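In: Just need the structure, nothing else, for what follows:
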Amino acid sequence: MFRKHIQFGEQILQKCEGIPKAVYQMLYDHHEKVDGSGYPEGKQDKEISVYGKVAAIIDAYDAMTSDQAHKSSMGPIEAWRKMREESGLAFDKELLSVFLKHIGNVPVGSCVALSNGRVGFVLTLNKVFQPSLVRQVYSLTNKSFIEPTDIELNKFANLRAEVVIEKEVDPKSLKLQFIDHIS
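Out: Below is the predicted model of the structure:
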């Protein structure tokens, strides 16, 4: 039943007018893998449309970083690592490289521990795709939620020491969810 979502999607698209061919190519090919192990046709590398290759990357990242009925999110950093491992197997190497570069190795939505004893979520990246703005939501020192405050990384404020990311944190371990802290 799961694999039939491509057919269901096609039925929906056919009821709409003016859908570009590229959208159909994205739908048909987004579960094909460059090594030929995908579905529905087991296409390999050059047989897969560039639109399908792009859609496969986006779909996989979304699936890995979203909580779903059958599995929990693995988080943006782990998804980044897993996708990099699949480069050339599931995903086109060049397209994946561009995608991973632009989401950064600590992507937006990542939960991180900071050198100031707080935990927060990455909100923005700078020009070189490194975290620049983090929303602090939890104190490791007090083991409690705090009033959300945003901090710019790599900036000196009032001559205080620079705050840096120390490590990735599993937000579930602290009962945190990114969606609860983005508005």
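In: Skipping its backbone neighbours, what lies nearest Glu32 in space?
Out: Gly38 (3.9 Å; Cβ to Cβ, 6 or more residues apart in numbering). (Glycine included, C-beta is placed from N, CA and C.)
In: Met74 now?
Out: For Met74, the spatially nearest residue (Cβ to Cβ, 6+ apart) is Met64, at 5.3 Å.
In: my guess is that neighbour meets Lys82, correct?
Out: Yes. The criterion here is Cβ atoms under 8 Å, and Met64 meets it with Lys82 at 6.5 Å.
In: ok, back up a step: and the residue nearest to Glu32, how far from Lys127?
Out: Counting by Cβ to Cβ, to the nearest Å, the separation of Gly38 from Lys127 is 35 Å.
In: Neighbour count for the two, which is higher?
Out: Neighbour comparison, Gly38 and Lys127: the larger count goes to Gly38, with 19 against 6 (by other Cβ atoms under 10 Å).
In: ok, so what distance separates that one from Leu89?
Out: The span separating Gly38 from Leu89 equals 10 Å under the rule Cβ to Cβ.
In: if we can go back for a sec, you'd agree the residue nearest to Met74 is in a helix?
Out: Yes. Counting by DSSP: H, G, I helix; E, B strand; the rest coil, Met64 is found in a helix.
In: quick one, what contacts it?
Out: Ser73, Met74, Glu78, Ala79, Lys82, Met83 (Cβ atoms under 8 Å, 6 or more residues apart in numbering).
In: go with 7 Å
Out: Met74, Ala79, Lys82 (Cβ atoms under 7 Å, 6 or more residues apart in numbering).
In: Which neighbouring elements make contact with the host helix or strand of the second one?
Out: Using DSSP states H and E, Ala79 maps to helix 76-85. The helices and strands touching helix 76-85, judged by 3 or more Cβ pairs under 7 Å, 6 or more residues apart in numbering; DSSP states H and E, are helix 50-65, helix 93-103.
In: Just the terminal-to-terminal distance for stretch 63-70.
Out: End-to-end span of stretch 63-70 (Cα to Cα, to the nearest Å): 11 Å.
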